[in-house]
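Colleague: got a sequence here, can you model it:
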Amino acid sequence: MRTSRRVAIAIMLVVAATPASSDQQAPAAAPPSRPAPPPAWVARSNAHADFAVTLVARFQPEGAGQLGVTSVDDQILDLTPGYRERARKANDDAIAELRKRMADETDPRVRQDLEIMVEAFEDNQAQSRMQEKHFVTYVNVPQLVFFGLRSLLDDQVPAERRKAALARLRRYAGVAPGSAPIAELAIARARESMQEPGRLLPFKDELERNLTNSPVLVEGLGSLLKKYGIEGHEAAFGKLKEQVAAHDAWVRAELLPRARTDYRLPAEVYAFGLKATYGVDVPPDELAAIARAAFADIQAQMQAIAAQVARQRGLADGDYRAVIRELKKEQLVGEAILLRYQERLRQLEEIITREKLVTLPQRPARIRLATAAESAQQPAPNMRPPRLLGNTGEQGEFILPLNIPAKDPAQQKTYDDFTFDAAAWTLTAHEARPGHEMQFARLLEGGVSTARAIFAFNSTNVEGWGLYAERIAMPFMPLEGQLISLQHRLMRAARAFCDPDLQAGRMTPEQAKALLTKDVVLSDAMATQEVERYTFRMPGQATSYFYGYTRLNELRAEVETRMGPAFDARAFHDFVLSQGLLPPALLRKAVMEEFATAKAAS
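Modeller: Sure thing, here's the model as predicted:
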């Protein structure tokens, strides 16, 4: 899925990468039936969360709009002088107010939700100060603008709401009364922070990647404005294009020549991000050691299955690397790619029902191919979450990118990792069902509190479930699908030691890429985006898959031991999903106190 934020408010104080969305028309789907009203304690918790969400919307309207807040659709990120201080003051006030409410609350479930919100705001305060201490303020303007308008220009956004895109566009371009061009504000804030001694400039490769992506994002934005018929956008969009071009020229002239060539983050920044942003609460060296051992074990499992596949297919070389390369030759083309993934989704839903793995949601799943702009924004398979606040039937979408855009089409890197038959099994299980899409659909249909769906958001829970979903579906896949499922598990183990080893200087990007292409059998395109991910896109986040998967497996084993024959996998999975996106420690507490004890007693 590639989550880049612990909660929505992580981008309130620090501008961060945000998942993109599509420029394509998605097939229409009938809206699901409305869920039952939430329990009284959830309603009370959500009333507290409404106060917190209002603050998020005030300082990061684009992110709040993606969550479903409609009242700030015409607003944009504040980069005017003093913005950081204003946000921190409001953040401190919010923490004080939430603590006051917590002191008056008697229901332990509501108190826990208030604690989750307080911790989220406190983490964001700490992150803001850490960013200001260590880094020059750098805003990737094309990406910010594309995301801000893309969150409004979508088939699942009502037509009336899309009209606000013009007002937001005018603010970005600085042609609305009282506004200034966002590109100029970004340059001003960067220049100010460059005067502060000791601050690190952006990493050179990050700037070069952003400059390459910029025209693709601008072109994609223009296509969106035309597609959705935003009347009167031409003048503001023309100015915005000029401003983005000027911003890119400034990056080339002032930032790029001075950019740092060492991608490594300060140790305290990396450690904080692992725990507070992504939910990985063990030291990176400990995680790397566990992952290396798992890597070797997964390779042994792959070798056993690859030998069977080789015998069935009459292949001379039974090494798992050679077998995967043979499977990759069975590439799907054009519309056949999407059709194959849709077929796999139907088959997986039949397996889920037949094997009683988990209760399927009411709403159907959606899969589509990415556009060039979307691939630039998010160059790996991902699930775009549905609107979580005020949802009226909007659905998550599994998005499949096919390449990494480049200025020169001859230099464009093409994936072969997702477009062959055997890969469709495990990717659909991870991103669609029983993975991410189903996880978020269950959040909506189950009436999970806003605190547990948004403010508890952490990659360890989300990505751990996605990888665990592959595990529970894998026994029912054909041998080729099982081999690729293990290949993807191998990649997640590699992430959990490559990412920290790169940050610690124990591995070079070239060594990481060689490991990924040779032993994990990734394409050059996939290995390239993986290394970019560990070094500058979102260092630390990639470790959350393996760690979350490991913790969830441990929890299941503990519950099975306690419950014995009374253990029911579907009931266990349903309970885990009903808890929202709790971090591992809170999830274990809920499972052991509410599920394992109650079921064992019955």
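Colleague: does Val218 touch Val141 like I think?
Modeller: No. Counting by Cβ atoms under 8 Å, Val141 is not a contact partner of Val218; they are 10.1 Å apart. C-betas here are computed from N, CA, C, even on glycine.
Colleague: please enumerate the shared neighbours of the two.
Modeller: Residues touching both Val218 and Val141 by Cβ atoms under 8 Å, 6 or more residues apart in numbering: Val244.
Colleague: neighbour count winner among the two?
Modeller: Using other Cβ atoms under 10 Å as the criterion, Val218 and Val141 rank with Val141 on top: 29 against 20.
Colleague: how near is the more buried one to Lys226?
Modeller: Distance check for Val141 against Lys226: by Cβ to Cβ, to the nearest Å, it reads 21 Å.
Colleague: equivalent analysis for His430, please.
Modeller: 34 Å.
Colleague: now swap in Leu169 and tell me
Modeller: Distance of Leu169 to Lys226, given as Cβ to Cβ: 13 Å.
Colleague: and those two? Which one has more around it.
Modeller: Ranked by neighbour count (other Cβ under 10 Å), Leu169 and Lys226 place Leu169 first, with 27 against 12.
Colleague: nearest spatial neighbour of the more buried one, chain-adjacent residues omitted?
Modeller: Closest residue in space to Leu169, ignoring its immediate chain neighbours: Ala236 at 4.9 Å, by Cβ to Cβ, 6 or more residues apart in numbering.
Colleague: tabulate the CA atom coordinates of the strand or helix carrying that neighbour in CSV.
Modeller: Per DSSP states H and E: Ala236 is located in helix 234-250. Once non-C-alpha atoms are left out, helix 234-250 reads as follows in CSV (Å, rounded to 0.1, in the frame of the first residue of the first chain):
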residue,chain,number,x,y,z
GLU,A,234,-7.3,28.0,-18.0
ALA,A,235,-5.9,31.3,-16.7
ALA,A,236,-5.0,30.1,-13.2
PHE,A,237,-3.6,26.9,-14.5
GLY,A,238,-1.5,28.8,-17.0
LYS,A,239,0.0,30.9,-14.2
LEU,A,240,0.5,27.8,-12.1
LYS,A,241,2.4,26.1,-14.8
GLU,A,242,4.7,29.1,-15.2
GLN,A,243,5.2,29.2,-11.4
VAL,A,244,6.0,25.5,-11.2
ALA,A,245,8.5,25.9,-14.0
ALA,A,246,10.1,28.8,-12.2
HIS,A,247,10.2,26.8,-9.0
ASP,A,248,11.9,23.9,-10.9
ALA,A,249,14.4,26.3,-12.3
TRP,A,250,15.2,27.6,-8.8
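Colleague: by contact count, what packs against that helix?
Modeller: helix 141-150, helix 164-173, helix 182-194, helix 204-227 (3 or more Cβ pairs under 8 Å, 6 or more residues apart in numbering; DSSP states H and E).
Colleague: contact partners of it?
Modeller: 141-142, 145, 166, 169-170, 172-175, 181-184, 186-187, 211, 214, 218, 221-222, 225.
Colleague: pull the number of nearby residues for Gly318.
Modeller: By other Cβ under 10 Å, the residues close to Gly318 number 16.
Colleague: likewise Asp262?
Modeller: 10.
Colleague: would you confirm that it belongs to a strand?
Modeller: No. Counting by DSSP: H, G, I helix; E, B strand; the rest coil, Asp262 is not found in a strand; it is coil.
Colleague: which non-adjacent residue is nearest it?
Modeller: Counting by Cβ to Cβ, 6+ apart, Asp262 lies nearest to Phe203, which is 7.7 Å off, once chain neighbours are set aside.
Colleague: does the one you found touch Leu255 like I think?
Modeller: No. Counting by Cβ under 8 Å, Phe203 stays clear of Leu255, with 10.6 Å between them.
Colleague: ok so, going back, weed out the non-buried ones from the contacts of helix 234-250.
Modeller: 141-142, 145, 166, 169-170, 172-174, 181-184, 186-187, 211, 214, 218, 221-222, 225 (16 or more other Cβ atoms under 10 Å).
Colleague: would you mark the buried spots in the helix or strand where Ala120 lies?
Modeller: Per DSSP H and E: Ala120 is located in helix 108-134. Buried residues in helix 108-134, defined by neighbour count with 16+ other Cβ under 10 Å: 109-121, 123-125, 127-128, 130-132.
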